[in-house]
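Asker: how would this look folded up:
(one chain, ligands or ions: 1)
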Amino acid sequence: MNKKTVKDIDLQGKRVLMRVDFNVPMDKGVVTDDKRIRAALPTIQYVLEQGASLIVMSHLGRPKGVGFEAEFSLKSASDVLAKLLNKPVKIASDCIGTEVESLSKNLKSGEVLMLENVRFHKEEEKNDPEFAKKLAALGEIYVNDAFGSAHRAHASTEGVAKYLPAISGFLMQQELEYLSKATMNPERPYVAILGGAKISDKIAVIENLLTKCDTLIIGGGMANTFLAAKGFNMAESLVEQTAIDTAKKIIANSGSKLLLPVDGVVGLKADPQAQPKIFDANKVPSGGSMMDIGPRSIESFSNVLKNAKLVVWNGPMGVFEDPRYSEGTFAIAKLLATCGATTVIGGGDSASAVKKAGVAKQMSHVSTGGGASLEFLEGKILPGVAALMDK
Ligand code: AMP
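Answerer: Below you'll find the predicted structure:
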């Protein structure tokens, strides 16, 4: 995935319009986790060092799209950015309009302007061309560093790229580089691990990964549906009855590539306080619910992972939010930290699992985009990526 980056264009004296993902968690209008803002810093700092002026835009939450709402203002995010950059960051009252245009045109080299939430206008999510043109009028070069929003064809992620030279930032570039390893010429043996609650929203990922990887490990609630498809009685476990036929077909077509749990940590739905017990996958007792993978499954997965050269992981192996059912997920996280393979972690729950297990820094790449990384692994072309110039 060879897209032009900020290093491929002369930025000196230019007004750079940059889409970032500052969709940060907030409490009463104050940012509570600045991870996403920090993730955009390398590109922001580089652009400023090149002598450009910078106009930063993002969405935040789900405002109604009919104008300013204090609850969804990016003001607190712009304060955090100012602190991290150690320089003032002006916040505009809107993201389009004559006042914002004049603010952007008067910016001097090295100065930063943050636009208000692009979703204060319903035209953003509609990818309205007139709205995109108004955004484009604010800059001379468009940089997209918001991988987490690249699966959406919105005005600030896709439409605007039609009117300006469009290139990627470092975060976007890194995401594409690592996720491409999973879909194009992967190092082998290549092991993909999928987990989470349901298979119905991951069928396309399963099918695409099966054409690329050497082994596909499936754990979590998803595995229950596959085990049920093999004819096992899963008692009260989460099983998607409507997906059993699909699971049967996948099992039939995947040969020896598919690796499922052979045992699990079983809890009792009727008595949530009861101490969970380990059972073989084909011996889940009546009333029991398989909530995590068991020790023999961890061992079987470990035997494959220790030889892997590339591992891609999306979705927890069990109900890891509950300490009684977190061991399988954390064991996989720790195995990945020491297995020596290139390790690519999808966003969302798997990203929080490696963090909770204390091994996030030992991963080759932890994606910042849950939905975007999943669509990428499905083999889809993300509209926000397609809009950027090729090298
Ligand atoms: P997803 O959003 O599909 O990736 O699913 C993530 C959720 O799956 C987490 O909140 C887990 O608690 C849940 N989950 C994982 N394993 C199981 C399981 N065996 N039974 C029920 N829920 C599970």
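
Asker: Would you mind measuring from residue 25 to residue 54?
Answerer: Distance, residue 25 to residue 54, by C-beta to C-beta, to the nearest Å: 24 Å. C-beta here means a position set from N, CA and C on the backbone, and glycine is covered the same way.

Asker: So which of these two has more stuff around it?
Answerer: residue 54 (27 against 12; other C-beta atoms under 10 Å).

Asker: didn't that one look like it was pressed against residue 20?
Answerer: No: between residue 54 and residue 20 there is no contact under C-beta atoms under 8 Å: 10.2 Å.

Asker: so what sits against both of these two?
Answerer: residue 44 (C-beta atoms under 8 Å, 6 or more residues apart in numbering).

Asker: what's near enough to touch the closest residue to residue 300 other than its chain neighbours?
Answerer: Counting by C-beta to C-beta, 6 or more residues apart in numbering, residue 262 is the residue found nearest to residue 300 once chain neighbours are left out, at 6.1 Å. Residues in contact with residue 262 (C-beta under 8 Å, 6+ apart) are 280-281, 294, 296-297, 300.

Asker: Find the residue closest to the residue of the chain found nearest the ligand in space, skipping its chain neighbours.
Answerer: Residue nearest to the ligand within the chain: residue 196 (2.4 Å; C-beta to the nearest ligand atom). What sits nearest to residue 196 in space, not counting adjacent residues and going by C-beta to C-beta, 6+ apart, is residue 315, at 3.2 Å.

Asker: what's the burial count for the one you found?
Answerer: Residue 315, neighbours per other C-beta under 10 Å, totals 24.

Asker: what are the ranges of the strands in the stretch 151-300 of the chain?
Answerer: 166-168, 190-194, 215-218, 258-259, 263-268, 277-280, 288-293 (DSSP state E, counting those that start in this stretch).

Asker: Do the third one and the ligand come into contact?
Answerer: It stands for strand 215-218. No: using C-beta under 6 Å from any ligand atom, strand 215-218 stays clear of the ligand, with a minimum separation of 10.9 Å.

Asker: Residues contacting that strand, please?
Answerer: 189-195, 206, 209-210, 226, 254, 257-261, 301, 304, 308.

Asker: Sheet partners, orientation included, of it?
Answerer: strand 190-194 (parallel), strand 258-259 (parallel) (DSSP bridges).

Asker: winner for burial among those?
Answerer: Highest mean neighbour count among the strands paired with strand 215-218 (mean count of other C-beta atoms under 10 Å): strand 190-194, with a mean of 26.

Asker: so how far is that strand from its chain's centroid?
Answerer: 16 Å (C-alpha atoms, centre = their mean, to the nearest Å).

Asker: And the average pLDDT for that strand is what?
Answerer: In this model, strand 190-194 carries a mean pLDDT of 97.

Asker: Use 93 as the first number from now on
Answerer: Happy to do that; since the first residue is 93 now, the last one works out to strand 282-286.

Asker: Now that strand - C-alpha only, PDB.
Answerer: Extracted as PDB, the C-alpha positions of strand 282-286 are listed here (Å, rounded to 0.1, in the frame of the first residue of the first chain):
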ATOM      1  CA  TYR A 282       1.300 -16.700   9.200                       C
ATOM      2  CA  VAL A 283      -1.200 -17.200  12.000                       C
ATOM      3  CA  ALA A 284      -4.400 -15.200  12.300                       C
ATOM      4  CA  ILE A 285      -6.300 -15.200  15.600                       C
ATOM      5  CA  LEU A 286      -9.900 -14.200  15.800                       C
END
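
Asker: Please report phi then psi for the residue nearest to residue 392.
Answerer: phi -100, psi -10 (degrees, to the nearest 10).

Asker: Which residues of the stretch 243-392 of the chain lie near the ligand?
Answerer: Counting by C-beta under 6 Å from any ligand atom, the residues of the stretch 243-392 of the chain near the ligand are 288-290, 312-313, 316, 330, 382-383.

Asker: What about those residues, which are in helices?
Answerer: Counting by DSSP state H, those place 312-313, 316 in helices.

Asker: which residues of the stretch 293-442 of the chain fall in helices?
Answerer: Listed in chain order, the helices of the stretch 293-442 of the chain (DSSP state H, counting those that start in this stretch) span 295-304, 312-321, 336-345, 387-397, 419-430, 441-448.

Asker: and among those, the most buried is which?
Answerer: helix 312-321 (a mean of 26).

Asker: Which other helices and strands does it contact?
Answerer: helix 336-345, strand 380-385 (3 or more C-beta pairs under 8 Å, 6 or more residues apart in numbering; DSSP states H and E).

Asker: run the last query once more with 6 Å
Answerer: helix 336-345 (3 or more C-beta pairs under 6 Å, 6 or more residues apart in numbering; DSSP states H and E).

Asker: tilt between the helix it packs on and helix 295-304?
Answerer: 0 degrees (axes from the mean of the first three to the mean of the last three C-alpha atoms, to 10 degrees).

Asker: State whether residue 179 is indeed within a strand.
Answerer: No: per DSSP: H, G, I helix; E, B strand; the rest coil, residue 179 lies outside any strand segment and is coil.

Asker: what number of residues lie near it?
Answerer: So residue 179, with other C-beta under 10 Å, has 12 neighbours.

Asker: which one of the contacts of residue 354 is nearest residue 326?
Answerer: Among the contacts of residue 354, residue 373 lies closest to residue 326 (C-beta to C-beta), at 8.5 Å.
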